[in-house]
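Visitor: Give me coordinates for this.
(one chain, ligands or ions: 1)
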Amino acid sequence: MNRLYIVVRLKISYFYRKRVIKMFSDNLSHAVLRLCTANNLTYEMASEYCELSSRYFGDIARGRTNISIVTLEKLCNGFSVTPDGLLLPEADSLQIPAAVREVYCFRESAGNFSYPVCPRCHITMEREYQNYCDRCGQRLDWCNYPYIQARVQKG
Ligand SMILES: [Zn+2]
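Guide: A predicted model of the protein is given here:
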């Protein structure tokens, strides 16, 4: 039984790593697009400010590349923002409740366990009906949750 427990934990940590990396790169691409629009900049103009090639800048804006710390610094300087402003989601969007629509199920000898999944960062949450996700700070809406739970119990 100990062994099974370890397997489950590894699985969660694998999801966790994968999702967090995707979350940062999604936030970065959204932030870059938002800053270009807000400052009325084309990719060419913005890439000049950031001292990057316009092609590479386009890849960043489309979320197609993993940037280095040096590139992050160039983007911060070019747009006059802090790393938070590029890597973390916009504060306002966290306040709009997002519906919990997913649960991860784990089958173990001790029984079946299900954990709700945060709709923003897609990480499993320890507790049900919490107001905010512990990891990304997304405000949560649990209206659909009883229906998902019922489906889990059936299947
Ligand atoms: Zn979250």
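Visitor: Going by C-alpha atoms from here, please, whenever you check contacts or count neighbours.
Guide: OK.
Visitor: ok, the residue nearest to the spatial centre of the chain - contacts?
Guide: The residue lying closest to the centre of the chain (Cα atoms, centre = their mean) is M23, at 2.9 Å. Residues near M23 by Cα atoms under 8 Å, 6 or more residues apart in numbering: C121.
Visitor: Assumed it was part of a helix.
Guide: Yes - under DSSP: H, G, I helix; E, B strand; the rest coil, M23 sits within a helix.
Visitor: Quick check: which element contains the nearest residue to S53 once chain neighbours are set aside?
Guide: In space, and not counting its chain neighbours, S53 is closest to S47: 6.0 Å by Cα to Cα, 6 or more residues apart in numbering. Per DSSP states H and E, S47 falls inside helix 43-49.
Visitor: chain center to that helix: distance?
Guide: Centroid separation between helix 43-49 and its chain, computed with Cα atoms, centre = their mean, to the nearest Å, is 26 Å.
Visitor: And for stretch 39-57?
Guide: Averaging C-alpha positions (Cα atoms, centre = their mean) puts stretch 39-57 25 Å from its chain's average.
Visitor: That stretch: end-to-end distance?
Guide: 16 Å (Cα to Cα, to the nearest Å).
Visitor: Could you do stretch 59-71 as well?
Guide: Terminal residues of stretch 59-71 are spaced 12 Å apart (Cα to Cα).
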